[in-house]
Every structure is written in structure tokens, then in C-alpha cells.
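Asks: Please find the sequence and the predicted model below.
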Amino acid sequence: MEKVVIIGSGPAGWTAALYTARAQLAPLVLTGKQPGGLLTTTSIVENFPGFPEGVDGYELMTRMQKQAERFGTKTSFGVVDSVDFSLRPFQLIVDGEKVAAETVIIATGASHKHLGAPGEHELETKGVTYCATCDGALPVFRNQPLVVIGGGDSACEEAQYLTRFGSIVYLVHRRDSLRASRIMAERTLANPKIKPIWDSAVTEILDVTQDKVTGVKIKNLKTGAENFLSVAGVFIAIGHVPNTDLFKGKIDTDENGFIIPREGTMTNIPGVFVAGDCADHVYRQAITAAGAGCASAIDCERFLAAHLLQV
Ligand code: NAP
């Protein structure tokens, strides 16, 4: 039986692992389908303290993993099929195998939100993508007009990155100002290869009949005017949804699926803790996720000491 199982391997998961490992609890980290989480798809992380020149997202996550493993973290590239928190110890089914755990830290993060426009699903990986750093350099996008949808830091980051490859990068945003942090917004709007299209929504992605992206239909939300924009790539960066489907009906969440911590980082189930983007719709930073991971580990350690007397 495991004393601590950590579900997820982003900044929250690895930090929870580091702290519980140093508390001699030999945590088991179940990495999920995307080891390292969303940060591994970011190019340069400029706002994680301690890296004045910035650090590659994948490298940062690899370093966190190594640091956690150095103190006795066990890593399994498993995907959790189901959880049962009604039993003690808790039962998890991981790739068909049973895992028993005295405590669980949920750090499952978040996934890219989908637009829901016609053509989006059909043309995914055929010109529609959610990750410029993963796909931006593909030959199909080189020297072609591209469009980024969204007005947050992600959209700005993607648009700036894509200027290396595309002939022009349209930034379609539904309002007339960016939500992004000031430094990101200023850099984006100062880039001569980025053309913002304000107050507009992409209403359809074309062309499903040709099985590739040829353009997007755009509607101005103020005037109602409709336009066609010829592009070879559609990069959707409109935020995230928490990866909490696994816990539906088993743990308290808000109406958007974010897990609600009840006492410190402990959920409504004593012995189940939560950290990072699956519980945070406000800050959503690597450093805040890491901080929450640390807090969840300390809460977990104290819970084990107080309730199970096995530490
Ligand atoms: P976000 O801040 O939630 O921004 C999402 C953007 O998408 C908003 O501009 C929103 O419009 C728009 N949007 C949402 N739903 C939409 C829809 N259905 N159709 C059209 N547009 C839609 O998400 P994010 O940019 O992914 O950032 C998430 C967090 O990560 C933030 O805290 C951000 O600071 C952080 N982050 C930081 C960096 C960095 O510092 N380098 C990089 C990436 C992300 P409205 O503005 O109208 O709501």
C-alpha cells in the first residue's frame, strides 16, 4: 500500500512529490498521459523565479522530476482509470491494476479549452491546433498567414512565437483589449507581423471538404459584419478546463469542474488533497501551482501523522 499517491506531474505534482519524499513518505507519482503537464508545451518560461534568462518548459519539468526522484519519489507513467474514495485505504485503478493509497494528492492540472466552432473538431491536427510551440514549425505553416484566437497571455505568447514561421499572424479577440499581462500585451501589439482583429469571433473553420484549413469565417460582434480570412493554420488559445472528469460525483467541485479545497488543501474527503490548476481558476501560474503542491504535501504529511500514526 502507498502512503501517498500523487495524480499528475505538472509543477503542483512534482513539488508535492518533492516535499512528501523529503518527509520520507516515498510518494508514488502517476504522471498521466502528458508527463510534465501543460508546461512542457511552453517554449520559454520567463516568470519562474530563479531563472533570470528564462527556462524551457520541458527542461523545468524534467528538473523538477529529477529533484523529486532524488529524495525517493517513485514515478509511474500510469493513467488513472477510476478512483474510489468511499473505501479506506482509497482504491485507484491505474491502467487496469489496483493501487491502494492512504492519502491522495490530486494535481491533474487543466487542458486546452475548445472553441466549439464548426470545422474545429474535424480539422484538428489538419491545421487546427492548441499549441504553437508543438506545431508552429510544421512545414504547412511556413510563410503562410496564420490566425491565433484569444486575448490572454497564451494567445499573445503563441502569436509572438508564430511570427517566426508565418507570413502574418492575425490575432482574433472577442473584445477590444487584451486580457494578457501588460508586458505580453505591449510586446504583442508592437510586433509588426501581428495584426489584431478586435471585437470578433471565429464562427467557422474551413474547409472540411478539402480536409485541411484554408481559412476562417469571422464575425464582428459589434457590427455583425462577416468576413473570410484566408489562413493555413488556426491556433486556439482561449483558456483551459480542469482535468477533473475522473472525480465527478466523487469529490466537491464548482460548476466549472474546479475542485474545491475545504480545509487548507484538503478536499471534502479527509485524506484527499488538491493542488494546482485543477483547483485554481484565478492565478494559474507555474509558481502558484508549485506553491500549492508544497502546501498539499505539508497538509498530507500532517494528516498522516495525526490520523494514521504511521509516519
Ligand atoms: P485566459 O487568461 O483565461 O485567457 C483566455 C482568453 O480567451 C481571454 O482573452 C478570453 O476572452 C478568451 N476566450 C475564452 N473563451 C473564449 C471563447 N469561447 N471564444 C473566444 N475567446 C474566448 O487563458 P490563458 O491565456 O491560457 O492564460 C491562462 C493562465 O496562464 C493565465 O493566468 C496566464 O497569465 C497564464 N499564462 C502565463 C504566460 C506567461 O506569463 N508567459 C503564458 C501563458 C499563460 P476574454 O478576455 O473576453 O475573457
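Replies: Looks like it came in fine. Numbering: from 1, shown residues only.
Asks: which other residues reach the longest helix along the chain?
Replies: Longest helix in the chain, counting residues (DSSP state H): helix 286-303. By CB atoms under 8 Å, 6 or more residues apart in numbering, the residues outside helix 286-303 that reach it are 4, 10-20, 23, 25, 39, 45, 47-49, 60, 64, 103, 105, 107, 109, 264-266, 270-271, 273-277, 279-280, 311. Backbone N, C-alpha and C define where each C-beta goes, glycine included.
Asks: Please identify the nearest residue in space to F273, excluding sequence neighbours.
Replies: Distances taken as CB to CB, 6 or more residues apart in numbering put S296 closest to F273, at 4.2 Å, once the chain neighbours are dropped.
Asks: Relative to E158, how far out is whichever residue of the stretch 151-300 of the chain sits closest to the ligand?
Replies: In the stretch 151-300 of the chain, the residue that lies nearest the ligand is G152 (2.3 Å; CB to the nearest ligand atom). To E158, G152 is 10 Å away according to CB to CB, to the nearest Å.
Asks: just A232 next, same as before
Replies: Distance from A232 to E158, by CB to CB: 15 Å.
Asks: One more: S76?
Replies: 32 Å.
Asks: ok, these two, which is more surrounded?
Replies: Neighbours were counted for S76 and for E158 using other CB atoms under 10 Å; E158 has more, 27 against 15.
Asks: Test my guess that that one contacts F235.
Replies: Yes - E158 lies in contact with F235 (CB atoms under 8 Å); the separation is 5.1 Å.
Asks: and for those two, which residues touch both?
Replies: The contact sets of E158 and F235 overlap at 131-132, 136, 148 (CB under 8 Å, 6+ apart).
Asks: R187 is in what secondary structure piece?
Replies: Assigned by DSSP states H and E, R187 falls within helix 182-190.
Asks: Which helix or strand lies directly C-terminal to that helix?
Replies: Counting by DSSP H and E, the element after helix 182-190 in chain order, helix or strand, is strand 194-197.
Asks: mind listing what's buried in that following strand?
Replies: 194, 196-197 (16 or more other CB atoms under 10 Å).
Asks: wait, does the longest helix of the chain contact the ligand?
Replies: No - remark: helix 286-303 sits outside contact range of the ligand, by CB under 6 Å from any ligand atom, the gap being at least 8.3 Å.
Asks: from the chain's centre, how far out does that helix sit?
Replies: How far helix 286-303 lies from its chain's middle: 18 Å, per CA atoms, centre = their mean, to the nearest Å.
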